[in-house]
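Participant: Show me the folded form of this:
(2 chains)
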Amino acid sequence: GAVVSQHPSWVICKSGTSVKIECRSLDFQATTMFWYRQFPKQSLMLMATSNEGSKATYEQGVEKDKFLINHASLTLSTLTVTSAHPEDSSFYICSARVAVAGGLSQETQYFGPGTRLLVL
Amino acid sequence: AQKITQTQPGMFVQEKEAVTLDCTYDTSDQSYGLFWYKQPSSGEMIFLIYQGSYDEQNATEGRYSLNFQKARKSANLVISASQLGDSAMYFCAMRDLPYSGAGSYQLTFGKGTKLSVIP
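Facilitator: Prediction:
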């Protein structure tokens, strides 16, 4: 199956610093990747949709200048949390859209293992 | 707008028994897809099963089957012969399937059900 990796899996940083999280599709090309945020015991909240070569589309309420997304290649998307604060502490998870020969009906998203961010 | 409702915050099942996790959805789209994902304590989201709105048969994948009742807008996940490793959070999700190929491809998730398998 399609494999998506994320790095780092854990990060602890001081308040005010920036943190970059990488999302890679290892065995396929992903034209579209998604970034989610998940608080403990809650569901996934979509933050933004990242399309290769174009600007990310952010969901309402998500600050573009705080959560910088770059999708420079078909296998890599990055999320940078700028000037992180304790309230940014969360589980960040990416997914990649996998297009298959069966057409749209067969598409699904495969998720990375997630990144736990703790801002002190 | 799409909405997914999972009414069971937590479920318990005896090992080797079957369990049904409920999922109802609301959408105005005629064509859509329904998904189930498993999230163990490690946090990764594992794709389990998919059902298209026009699929005539219920989807099955090993011990997982999806009880799709379109008129009731429900897409319940059935896990047969539960194993200890099945203990996890389970999320139901959906997205639209536009014929034109356009669309956001975004998934809308339910709040999840925590399944605990008892030895």
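
Participant: Please state the backbone phi and psi of the closest residue to A:V3 other than its chain neighbours?
Facilitator: The spatially closest residue to A:V3, leaving aside those adjacent along the chain, is A:L26, at 4.3 Å (Cβ to Cβ, 6 or more residues apart in numbering or on different chains). Placement of C-beta: from N, CA and C, glycine included. A:L26 adopts backbone torsions of phi -90, psi -30, taken as degrees, to the nearest 10.

Participant: And for B:L84?
Facilitator: phi -60, psi -30.

Participant: So it versus chain A, what's the distance?
Facilitator: Going from B:L84 to chain A by Cβ to the nearest Cβ, to the nearest Å gives 21 Å.

Participant: ok, now which ones touch that residue?
Facilitator: Applying Cβ atoms under 8 Å, 6 or more residues apart in numbering or on different chains to B:L84 gives the contacts B:E15, B:V117, B:P119.

Participant: switch to 6 Å and redo it
Facilitator: B:V117 (Cβ atoms under 6 Å, 6 or more residues apart in numbering or on different chains).

Participant: What is the worst-scoring helix or strand of chain A on mean pLDDT packed up against?
Facilitator: Ranked by mean pLDDT, DSSP states H and E, the weakest helix or strand in chain A is strand A:108-111, scoring a mean of 83. Here strand A:108-111 touches strand A:90-98, going by 3 or more Cβ pairs under 6 Å, 6 or more residues apart in numbering or on different chains; DSSP states H and E.

Participant: Any buried residues in the strand it packs on, and which?
Facilitator: For strand A:90-98, the neighbour count (16 or more other Cβ atoms under 10 Å in any protein chain shown) marks A:S90, A:F91, A:Y92, A:I93, A:C94, A:S95, A:A96, A:R97, A:V98 as buried.
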